[in-house]
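Peer 1: Kindly return the folded structure for what I paste below:
(chains A and B)
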Protein chains: 2
Amino acid sequence: MTIAKRRAQERLATRARILDAARTLFLRDGFENVSLRKIAAAIGYTAPALYSHFPDKRALILQLCCEDFALLRRSLDIAKRTDDCVERLRAMGRAYVRFALEHPHHYRFMFMTPWAATEAPGDLPPEHGDPDHDAYAFLRRAVEECIAQGRFKPEYADVEGVTQVCWGASHGVASLHIVLRDDPWVRWRSPRQTAYTLVDAVINGLCDERAESAHARLAKPRRTKEAP
Amino acid sequence: MTIAKRRAQERLATRARILDAARTLFLRDGFENVSLRKIAAAIGYTAPALYSHFPDKRALILQLCCEDFALLRRSLDIAKRTDDCVERLRAMGRAYVRFALEHPHHYRFMFMTPWAATEAPGDLPPEHGDPDHDAYAFLRRAVEECIAQGRFKPEYADVEGVTQVCWGASHGVASLHIVLRDDPWVRWRSPRQTAYTLVDAVINGLCDERAESAHARLAKPRRTKEAP
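Peer 2: Residues are numbered from 1 along each chain as shown, chains lettered A, B, ... in the order given. I've put the predicted structure just below:
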């Protein structure tokens, strides 16, 4: 390994440590109570060393967002293997649940922590609305396909609204569990299984049963039609 | 008004101010970063004045929990008016959504903020498991009734699991909206309407359609049976 290559690797590793420390501190103390200096101190760096990676807190937050949301989007890629749009929706819901439960710190940072107005990202980046890079757009496209194929009951015709319903369904159980898993008030069932059950129940509720049985007939291999 | 009565009222008002300030600070700075002294300073009190209401932080947190969860439980009372258990479940889901959206600070404190282990309540109070005082138990009882009456599909037979599914459904959209309402990434639909749609879709998905149409026939007034 060349010295330049080793240095580049070390720089990337440092950057990852900074981002991890920042996520932890933001969650513990709130966005407005965490300075770059505090993040640097938490991992034994000087503030100037940290500034060489991120010019300010806003840049750091944007980078953290960028990386965490890209990780989520990649986690949903497994759903691409499924041709049927309803089954793709189910696979996406399940993959989203696994992401939330397997990365609770990322998940809390992304979807459970209110952004201070001053830290909110400004202009939307080019990824916004691109299903290959934007998890919301990826989900939205599957919902759009289900509606276009007449797979949902007619009252579920608003793509944006139904996308938010599906997102809420995937978020519901996982987010409760991340926060309240140690609460003795509730005898928790397996969060993954419960979250899957919620995703399934919503998909069942959205789907038009007649359309689904017609679809199941069409999807069967031809030889079953020849059976008596 | 007697002096004693006025003093008692003032004391209650002070107590309410302390609890409101505590909720706000806990949400902003995290449980572990808030002392009783900090809460006192936020409302212009001395620490000893605050100690006369709450001996320590733990007592204050328990009281805040107690009051907020009682308010939630009372908000669900509207569902009592509904005899049919499936409709009661729906009314409860909707009332829960309204509570969350109308009291976002309470809601974040109750269901979106991880408890530091040291602050967790110890023994469960007598309200635990009592449907008249415990919102989870109230929901659980409606689910139990739906299952006992054969209103759900046979695969939804685990009372505890289905209760958590219904809770997740009511929590999903409202909690996303509380945190991300100002996020320009998403074109939000009406959170209340979207959350209601999620609750309805889950209930539809849980219900056994044959049982529901049989139930609808039974529920009709008798004279329709005499029609041709």
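Peer 1: tell me the angle of the biggest helix by length in chain A relative to helix B:3-29?
Peer 2: Counting residues, the longest helix in chain A under DSSP state H turns out to be helix A:3-29. Here helix A:3-29 points in a direction 170 degrees away from that of helix B:3-29 (axes from the mean of the first three to the mean of the last three Cα atoms, to 10 degrees).
Peer 1: Which residue is the nearest non-sequential neighbour of residue A:53?
Peer 2: Among residues not flanking residue A:53 along the chain, residue A:15 sits closest, at 5.4 Å (Cβ to Cβ, 6 or more residues apart in numbering or on different chains). In this view, the C-beta of every residue, glycine as well, is placed from N, C-alpha and C.
Peer 1: burial of the one you found, as a residue count?
Peer 2: 16 (other Cβ atoms under 10 Å in any protein chain shown).
Peer 1: repeat for residue A:197
Peer 2: Based on other Cβ under 10 Å, the number of other residues close to residue A:197 is 24.
Peer 1: Now the terminal residues of stretch A:33-49, how far apart.
Peer 2: 20 Å (Cα to Cα, to the nearest Å).
Peer 1: quick one: is that stretch near chain B?
Peer 2: Yes - using Cβ under 8 Å from any Cβ of the partner chain, stretch A:33-49 reaches chain B at residue A:33.
Peer 1: what sits up against that stretch?
Peer 2: Applying Cβ atoms under 8 Å, 6 or more residues apart in numbering or on different chains, the contact partners of stretch A:33-49 are A:14, A:17-18, A:21-22, A:24-26, A:29, A:50-51, A:54, A:56-57, A:60, B:28-29, B:33.
Peer 1: ok, the closest residue to residue A:152 other than its chain neighbours - contacts?
Peer 2: Excluding the flanking residues, the one nearest residue A:152 by Cβ to Cβ, 6+ apart is residue A:206, at 4.9 Å. Residues near residue A:206 by Cβ under 8 Å, 6+ apart: A:146, A:152-153, A:156, A:162, A:165, B:201, B:205.
Peer 1: and the gap between residue A:206 and residue A:95?
Peer 2: 18 Å (Cβ to Cβ, to the nearest Å).
Peer 1: Please identify which pair of the contacts of residue A:206 lies farthest apart.
Peer 2: A:146 and B:205 (14.6 Å; Cβ to Cβ).
Peer 1: Can you report how many residues lie near residue A:185?
Peer 2: 18.
Peer 1: can you confirm it is in a strand?
Peer 2: No - with DSSP: H, G, I helix; E, B strand; the rest coil as the criterion, residue A:185 is located in coil rather than a strand.
Peer 1: ok, it - contacts?
Peer 2: So residue A:185 contacts B:124, B:128, B:134, B:136 (Cβ under 8 Å, 6+ apart).
Peer 1: per-residue confidence at the last one?
Peer 2: The per-residue pLDDT reported for residue B:136 equals 97.
Peer 1: In chain A, where is pLDDT below threshold?
Peer 2: Low-confidence segments of chain A (pLDDT under 70): A:116-122, A:220-228.
Peer 1: Where does the record place the domain boundaries for it?
Peer 2: A:1-55, A:56-226 (automatic domain parsing).
Peer 1: of all these, which gets the most neighbours per residue?
Peer 2: When the domains of chain A are scored by mean count of other Cβ atoms under 10 Å in any protein chain shown, the highest mean neighbour count falls to domain A:56-226 (a mean of 18).
Peer 1: got the phi/psi numbers for the residue nearest the centre of chain A?
Peer 2: Chain A has residue A:72 as the residue nearest its centroid, 4.4 Å off, counting by Cα atoms, centre = their mean. Dihedral angles of residue A:72 (phi, psi; degrees, to the nearest 10) stand at phi -60, psi -50.
Peer 1: Next one: it from chain B, what distance?
Peer 2: If you measure residue A:72 against chain B using Cβ to the nearest Cβ, to the nearest Å, the figure is 12 Å.
Peer 1: what about residue A:148, distance to residue A:4?
Peer 2: From residue A:148 across to residue A:4, the span is 52 Å (Cβ to Cβ).
Peer 1: Residue A:129 too?
Peer 2: Separation of residue A:129 from residue A:4 (Cβ to Cβ): 38 Å.
Peer 1: Does at least one residue of the strand or helix carrying residue A:101 sit close to chain B?
Peer 2: Per DSSP states H and E, residue A:101 falls inside helix A:85-102. No - residues of helix A:85-102 contacting chain B under Cβ under 8 Å from any Cβ: none, with a closest distance of 10.3 Å.
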